[in-house]
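# give the three-dimensional model of this entry:
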Amino acid sequence: MEQLDRSVVAFPTHYAATPQDLAQELELAHLREMEQDYGCSLLGNLPWLAWLTLEHRLDELLMSGEAAVRSYLAEHRLDSPYLAVIGN
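Model (predicted):
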């Protein structure tokens, strides 16, 4: 740990700080775009979101807005704060 260059590494983790910071910036920009386009943002577990899209047309539901997504997921018992977060 003493040999890690703190100007390069996101201390105390071993991850390179620059790509991690860039990914965070890009994620926030994408969430803002989603909020503008759909009125809400959606993030979570990628395999879960992909399955919801393939099996339950999540992409189409998003076009109907946050209330439609929340209602559909609750109605079908698919809402889980550990797998997907809907916000605005």
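
# for residue 60, pull up the helix or strand it's in.
Using DSSP states H and E, residue 60 sits within helix 58-63.

# now residue 82: phi and psi?
Reported as degrees, to the nearest 10, the phi and psi values for residue 82 are phi -90, psi -20.

# still on that earlier bit, helix or strand right after the helix holding residue 60?
Next element after helix 58-63 (DSSP H and E): helix 66-75.

# what helices and strands are in contact with that following helix?
Using 3 or more C-beta pairs under 8 Å, 6 or more residues apart in numbering; DSSP states H and E, the elements in contact with helix 66-75 are helix 58-63, strand 84-87. In short, each C-beta sits where N, CA and C put it, glycine included.

# so which bits of that helix are buried?
For helix 66-75, burial by neighbour count (16 or more other C-beta atoms under 10 Å) applies to 66, 69, 72-73.

# now do stretch 55-66
58, 61-62, 66.

# and what of stretch 23-32?
For stretch 23-32, burial by neighbour count (16+ other C-beta under 10 Å) applies to residue 31.

# residues contacting residue 32?
residue 41 (C-beta atoms under 8 Å, 6 or more residues apart in numbering).

# element containing it, please.
Going by DSSP H and E, residue 32 is in helix 17-38.

# each with direction, which strands does the following helix or strand past that helix pair with?
Downstream of helix 17-38, the first helix or strand assigned by DSSP H and E is strand 41-44. Sheet pairing for strand 41-44, assigned by DSSP bridges, gives strand 84-87 (antiparallel).
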